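>>> Turn this into a model:
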Amino acid sequence: MVRIPGGRFRMGSDHHYPEERPAHPVTVSPFLMDITTVTNRQFAAFVAATGYVTVAERPLDPAAYPGADSAMLVPGALVFRMTDGPVDTRDMTHWWHWTPGAQWRHPEGPGSDLAGREEHPVVQVAYEDAEAYARWAGKALPTEAEWEFAARGGLDGAEFVWGDELAPGGVHMANTWQGPFPWRNFSTDGFERTSPAGSFPPNGYGLHDMAGNVWQWTADWWSARHQADPGKPCCAPLDPRGPAAEASYDPAQPRIRIPRKVVKGGSFLCAPSYCRRYRPAARHAQMVDTGMSHIGFRCVVREPAMIQEG
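Here you go, the predicted structure:
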């Protein structure tokens, strides 16, 4: 882990996606953060020590998914599959597929495995899985404010975690998508899917993969916009948290009462032509019950004694 000094910064952005607004001052306390996302090797050690069974490996409760095809209510997770050609990018079902048997050991479903991917970030972990690992490790999941402050690496207001240019000098700084999404990835950054944790340069705080590779769970419930306090423009709230869980439900799916957490950082699927969310201000909503082949996590420690030691 590395010590993040804490301080005041400008959270969010007024220049990109609506959910990043408004940009507003926030102060976070010092903490420790994992230098990389949790890897398959690390998660395997947790499972071996505890016998933990992930959400994707458990039976589904039909009552939680009214109207769902009963044939799909089996253990599994969502897997990305490249399309054969251009598609309507407003419909994610073109490339996301519920895959029975997909789970952290088999990220793309039965027939896939972790051979050669021991140091890649673990994926197909639901929020509960990430939280269970964090507790076992004596850690916690970061708040959205902690995550974004750490991702910026001291570059307050910069568009990316390394500055304001996506590929300075033509050098790829993160594992993202190059080419027309979702049907052609030129992989000029060297990777078509996930990359080993730490494959790209660290940010100013020494953290790797705070952009691209995999999205990362945070502890905060989702809100459609930041909850800045317009009545106190002079003051930066200390260690803010998101709204209550009830406010995080998806209004587009009123029958599905599954709360959503904030995920940050973008992934190997983010492309300039489709999803420019490989930025520290970017945020996305993720239902807590769902594993996906591009979502992982990293942990923090807020214990004062450990922060002083760090």
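>>> For the rest of this, base every contact and every neighbour count on C-alpha atoms.
OK.
>>> In contact with Ala23, which residues?
10-14, 226 (C-alpha atoms under 8 Å, 6 or more residues apart in numbering).
>>> if you set the cut-off to 7 Å instead, what comes out?
10-14 (C-alpha atoms under 7 Å, 6 or more residues apart in numbering).
>>> Need the buried ones from those residues selected in PyMOL.
Restricted to the buried members of those, where burial is judged by 16 or more other C-alpha atoms under 10 Å, the PyMOL selection command reads as follows:
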select buried, resi 10+11+12+13
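>>> can you put the contacts of Ala23 in a markdown table and add pLDDT and distance to Glu192?
What follows is those, written out as a markdown table (pLDDT from 0 to 100; distance: C-alpha to C-alpha, whole Å):
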| residue | pLDDT | distance to Glu192 |
| --- | --- | --- |
| Arg10 | 96 | 33 |
| Met11 | 97 | 31 |
| Gly12 | 97 | 29 |
| Ser13 | 96 | 29 |
| Asp14 | 95 | 31 |
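>>> Sitting in strands, which of the contacts of Ala23 do you find?
Within the contacts of Ala23, membership in strands is found for 10-11, as judged by DSSP state E.
>>> Now render the contacts of Ala23 as a markdown table, adding distance to Asp250.
Conversion of the contacts of Ala23 to a markdown table gives the following (distance: C-alpha to C-alpha, whole Å):
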| residue | distance to Asp250 |
| --- | --- |
| Arg10 | 27 |
| Met11 | 23 |
| Gly12 | 21 |
| Ser13 | 22 |
| Asp14 | 23 |
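>>> Would you mind putting the CA coordinates of stretch 286-295 into CSV?
Backbone C-alpha positions of stretch 286-295 (Å, rounded to 0.1, in the frame of the first residue of the first chain) are rendered in CSV as follows:
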residue,chain,number,x,y,z
GLN,A,286,-23.3,-0.7,-10.9
MET,A,287,-25.9,-3.0,-9.3
VAL,A,288,-24.4,-4.6,-6.3
ASP,A,289,-25.5,-8.2,-7.3
THR,A,290,-23.7,-8.3,-10.7
GLY,A,291,-20.3,-9.5,-11.6
MET,A,292,-18.9,-8.3,-14.9
SER,A,293,-15.7,-9.2,-16.9
HIS,A,294,-14.4,-5.6,-16.6
ILE,A,295,-15.0,-4.8,-12.9
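>>> could you give the mean pLDDT of that stretch?
For stretch 286-295, the per-residue pLDDT values average out at 95.
>>> I'd like the distance from that stretch to the chain centre, please.
Centroid separation between stretch 286-295 and its chain, computed with C-alpha atoms, centre = their mean, to the nearest Å, is 9 Å.
>>> going forward can the numbers begin at 345, since that is how I track them
Yes, from this point I'll number from 345; that puts the last item at stretch 630-639.
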